[in-house]
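1. task: produce atomic coordinates for the following.
(2 chains)
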There are 2 protein chains.
Amino acid sequence: MAVQISPLSPKTIQELPPLSGVRMATAEAGIKYKNRTDLLLIVFDEPANVAGVFTRSKCPSSSVDHCRASLSHGVARGVVVNSGNANAFTGHKGKQTTDAIVHTAASILKARENEIFLASTGVIGELMNASCLLNLLPNMAAEAEEGNWLEAAKAIMTTDTFPKLATRRFDFGGEVVTINGIAKGSGMIAPDMATMLSFVVTDAAIASDILQFMLSEAVQGSFNSITVDSDTSTSDTLMVFATGKVTGNSLCLTSKSDPRYKAFTKQLSELLHELALQVVCDGEGARHLIEVSVTGATTDSAAKSIALSIANSPLVKTAIAGEDANWGRVVMAVGKAGVEANRDLLTIWFGEHRVAVNGERDPDYSEEMMSTYMKNQHITIRVDIGLGSGKATVWSCDLTKEYVAINGDYRS
Amino acid sequence: MAVQISPLSPKTIQELPPLSGVRMATAEAGIKYKNRTDLLLIVFDEPANVAGVFTRSKCPSSSVDHCRASLSHGVARGVVVNSGNANAFTGHKGKQTTDAIVHTAASILKARENEIFLASTGVIGELMNASCLLNLLPNMAAEAEEGNWLEAAKAIMTTDTFPKLATRRFDFGGEVVTINGIAKGSGMIAPDMATMLSFVVTDAAIASDILQFMLSEAVQGSFNSITVDSDTSTSDTLMVFATGKVTGNSLCLTSKSDPRYKAFTKQLSELLHELALQVVCDGEGARHLIEVSVTGATTDSAAKSIALSIANSPLVKTAIAGEDANWGRVVMAVGKAGVEANRDLLTIWFGEHRVAVNGERDPDYSEEMMSTYMKNQHITIRVDIGLGSGKATVWSCDLTKEYVAINGDYRS
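-> From the prediction side, this is the model:
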């Protein structure tokens, strides 16, 4: 199957600035793919503080197990990421593979094993031959360079059609700091999270526990508010590393009441949101980006349940693929969300066009106007529940024949 | 789009025997479809006892509102069903349409308004022109005949590709009684329930409260255990009517401890299961019937959550469409179900083939054997969770490009 770049991809791929303190190398390990890179090594020559969030799957990969267990140490020296094989549900042998990667990377980087993080993405349940990967690591460590962000983003792609990068540069208590981030993921994307990998590095100095608070806040409106297909992967990993190279450790941010806390969290939230939207825009087979906003629910949590019910509904998603303003299916999705709603109080907009009000179609509804609107690549659906002040916004993409084609033939 | 009959349809369409006490007529009202029947009238010349279960949508149609409110009276004299327009989310005018149908049918049949039941299925949110329908009812009432079950099943179809019928004949405390049932539904099918309509009539004499108990039991393993796309309609309606024509009212079943209670419930369960499977086999675009059995969960309810998580996963369903034994996605779906599971205790079978055990692929796994198995029309997936004795079985169908084509272009 010829891979076409998603029509929702950014017009240009961003160049990220080099970040001092972080070096990267990529290689072709041939794990599954041929003639492309599939291995990424990130090296922190001095320990970086680290925070992470992971899949809530009850069947996580052993990479996720290792990262979660190592996080309490709070320090990272290296990250190994491969694409092509998720090393998930590979039992005892898979655990041995994880251990071998961690052990090898730790000895090359002269680090402790709980300072090495790793992630694998690709097919589940097939044993990964780690030897090809392990042999490459010493050279990669030697040759890793500052910069290389675009190459890093490419090496972790699976069914992605474009590399995903974002950057922010801003004042951090008198110093200008940078946050760089990369991500991958295009199917199995649902909140909490999906086969979604993202690695974010800043040169600001932030204590690991504070970094974890920031990440937990920032992930809510970004990676925890997107869904491609409601499926959640065994391997989701989002990690943030702070090298402290700019601020220096004497000025390390160690308290939530420090005014820099809010400033950094805001920038991190925006960067993660930008990456998350790139992930949705590369949703398998996606032709339309869908933004679903729910207001007037009894609580924020009820609003999110309703928004996700709409964003995950196959009938809503296929209607948008067919450029059909089928708001009746939005009513259906509100009704099935399982939280309080009253059909006669609902108001529904597609873009600026109010399509339903007072329990029926808007008197000014125009099929012609809606047909024109539905040709947009970015469709916004807003539903006011009319009961309270709870609100939420989530992002998704449409469900096309290409999604079925891509996923009906992934392993072969 | 040319409509092809589902490859999973029964080889032959059943003929149902006439049932004394129930007459039916169909007509072409032209509500949406041309050159086919779209209106069904069921007449009980003497009051029948009635029970029903309805959508759990918080935004039900006004037909559902009327039926639910009338059920406590426990008696039915007529049922009006139309296809082509769901009369759902049509506000005050939609309610007026419902009232007009009920009022007209009641006066024709010389019945009370709460003895008339109705259901509408089709597009949501568009006003239904009831006049064409109302004008036809007097003639239909006059011409209604015993028998006509196949015509009735055809008149209520929407995107269905074949009419759905089932019958049972059995001993009921010394008398031979019959249960006949029809159903429709092929998308928006999920437990509790979906754009699923089903009407079942028996000539046994059963009190309405007892009939309601039986129905509530029988629906669990049938219509509440199927899912096509996880979407739940605003209009789901399943009603059972007991005319008592065979047994006569003196022998009416009025107690759960009557030995006939169990016998009838068993037959009703089997009949509903047969109808429910026909609905799944006509799932939009379906090419494979999927049976998902979960054993060894902590509770039956946890088992059902896991089974539905598998049966609703777009990635599992597209893999089966692609005839790919991608059991890694089954692990993923177990993990995301949100109930207790341990990846290292899972055992997974496709058909008789054990594909995964002890947290990894089965050592005897054969890709060739699995490729052959996946060509079957009926795919069974069994997962043992290894934690307890909870179990559940649900049925679904695969997710094909045809599903997307059908639903991307439904209104136009």
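2. stretch A:264-278: which residues count as buried?
-> Buried residues in stretch A:264-278, defined by neighbour count with 16 or more other Cβ atoms under 10 Å in any protein chain shown: A:264-265, A:267-278. All C-beta atoms are positioned from the backbone trio N, CA, C, and that covers glycine.
3. mind listing the strands for the stretch 151-300 of chain A?
-> A:164-172, A:175-184, A:197-202, A:226-227, A:237-242, A:289-297 (DSSP state E, counting those that start in this stretch).
4. comparing those by mean pLDDT, which bottoms out?
-> Of all those, the minimum mean pLDDT falls on strand A:226-227 (a mean of 72).
5. these two touch, right, A:Ala48 and A:Val75?
-> Yes. With contact defined as Cβ atoms under 8 Å, A:Ala48 reaches A:Val75; the gap is 7.1 Å.
6. which of the two has more neighbours?
-> Neighbour tally, A:Ala48 and A:Val75, criterion other Cβ atoms under 10 Å in any protein chain shown: the higher count belongs to A:Ala48, 30 against 18.
7. now for the more buried one: which residues touch it?
-> A:Gly21, A:Val22, A:Val75, A:Ala76, A:Arg77, A:Val201, A:Phe241, A:Ala242, A:Thr243, A:Gly244 (Cβ atoms under 8 Å, 6 or more residues apart in numbering or on different chains).
8. looking at the strands of the stretch 151-300 of chain A, which is nearest to B:Asn35?
-> Nearest to B:Asn35 among the strands of the stretch 151-300 of chain A is strand A:289-297 (36.5 Å), distances taken as Cβ to Cβ.
9. packing partners of the helix or strand just after that closest one?
-> Note on strand A:289-297: by DSSP states H and E, the next helix or strand toward the C-terminus is helix A:300-312. Counting contacts by 3 or more Cβ pairs under 8 Å, 6 or more residues apart in numbering or on different chains; DSSP states H and E, helix A:300-312 is packed against strand A:226-227, strand A:289-297, helix A:327-336, strand A:378-384, strand A:390-397.
10. quick check: A:Ala337 touching A:Ala303?
-> No. Look at A:Ala337 against A:Ala303 with Cβ under 8 Å: they stay out of range, at 9.7 Å.
11. report the buried residues of the strand ranked longest in chain A.
-> Determined from DSSP state E, the single longest strand within chain A is strand A:39-54. Across strand A:39-54, burial judged by 16+ other Cβ under 10 Å covers A:39-44, A:47-54.
12. for A:Gln212, which non-adjacent residue is spatially closest?
-> What sits nearest to A:Gln212 in space, not counting adjacent residues and going by Cβ to Cβ, 6 or more residues apart in numbering or on different chains, is A:Ala51, at 3.9 Å.
13. tell me the bridge partners for the one you found.
-> Counting by DSSP bridges, A:Ala51 is bridged to A:Val240.
14. list the contacts of the residue nearest to A:Val64 when sequence neighbours are not counted.
-> Nearest residue to A:Val64, sequence neighbours excluded (Cβ to Cβ, 6+ apart): A:Phe54, at 5.0 Å. Counting by Cβ under 8 Å, 6+ apart, A:Phe54 touches A:Pro60, A:Val64, A:Cys67, A:Arg68, A:Met193, A:Asp236, A:Thr237, A:Leu238.
15. coming back round to it: between the helices and strands packed on helix A:300-312, which one is nearest to chain B?
-> In terms of Cβ to the nearest Cβ, the element of the helices and strands packed on helix A:300-312 nearest to chain B is helix A:327-336, at 2.8 Å.
16. wait, the residue nearest to A:Gln212 sits on A:Val201?
-> No. A:Ala51 is beyond contact range of A:Val201, at 11.7 Å (criterion: Cβ under 8 Å).
17. which residues are in contact with each of the two?
-> With Cβ under 8 Å, 6+ apart, A:Ala51 and A:Val201 have common neighbours A:Val240.
18. average pLDDT for stretch A:53-73, rounded please.
-> Per-residue pLDDT over stretch A:53-73 has a mean of 88.
19. buried set for it?
-> Applying 16+ other Cβ under 10 Å to stretch A:53-73 flags A:53-64, A:66-67, A:70-71 as buried.
20. repeat for stretch A:4-20
-> Per 16+ other Cβ under 10 Å, stretch A:4-20 contains these buried residues: A:Ser6, A:Leu8, A:Ser9, A:Gln14, A:Leu16, A:Pro18, A:Leu19.
21. end to end on that stretch, go ahead and measure it.
-> End-to-end distance of stretch A:4-20: 35 Å, with Cα to Cα, to the nearest Å as the criterion.
22. enumerate the residues of the stretch 51-200 of chain A near chain B.
-> Counting by Cβ under 8 Å from any Cβ of the partner chain, the positions of the stretch 51-200 of chain A adjacent to chain B are A:55-60, A:86, A:88-94, A:123-127, A:187-188, A:190.
23. ok, A:Arg68 - contacts?
-> With contact taken as Cβ under 8 Å, 6+ apart, A:Arg68 is in contact with A:Gly52, A:Phe54, A:Pro60.
24. in its sheet, what does the helix or strand hosting A:Arg77 sit against?
-> Assigned by DSSP H and E, A:Arg77 belongs to strand A:75-85. Here strand A:75-85 has these sheet partners by DSSP bridges: strand A:39-54 (antiparallel), strand A:116-123 (parallel).
25. following the longest one, which helix or strand comes up?
-> Looking back up the chat, that one is strand A:39-54. Once strand A:39-54 ends, the next helix or strand along the chain (criterion: DSSP H and E) is helix A:62-70.
26. quick one: that next one to chain centroid distance?
-> Centre-to-centre, helix A:62-70 and its host chain are 18 Å apart (Cα atoms, centre = their mean, to the nearest Å).
27. alpha carbons only: can I get it in CSV?
-> The C-alpha coordinates for helix A:62-70 follow below in CSV (Å, rounded to 0.1, in the frame of the first residue of the first chain):
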residue,chain,number,x,y,z
SER,A,62,7.6,-4.4,29.9
SER,A,63,9.2,-1.2,28.7
VAL,A,64,6.4,0.7,30.5
ASP,A,65,6.9,-1.5,33.6
HIS,A,66,10.6,-0.5,33.7
CYS,A,67,10.0,3.2,33.1
ARG,A,68,7.3,3.4,35.7
ALA,A,69,9.5,1.6,38.3
SER,A,70,12.5,3.8,37.5
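28. between that helix and strand A:197-202, how many degrees?
-> Put simply, helix A:62-70 runs at 40 degrees to strand A:197-202, going by axes from the mean of the first three to the mean of the last three Cα atoms, to 10 degrees.
29. quick one: residues in contact with the helix or strand containing A:Thr97.
-> In this structure, A:Thr97 is located in helix A:91-109 according to DSSP H and E. Applying Cβ under 8 Å, 6+ apart, the contact partners of helix A:91-109 are A:41, A:43, A:61-63, A:65-66, A:77-78, A:80, A:87-88, A:90, A:111-113, A:115-116, A:118, A:127-128, A:130, A:133-134, A:137-138, A:141, B:344, B:358-360.
30. let's see it at 7 Å
-> Residues outside helix A:91-109 that contact it (Cβ atoms under 7 Å, 6 or more residues apart in numbering or on different chains) are A:43, A:62-63, A:66, A:77-78, A:80, A:87, A:112-113, A:116, A:118, A:127-128, A:130, A:133-134, A:137-138, A:141, B:344, B:358-360.
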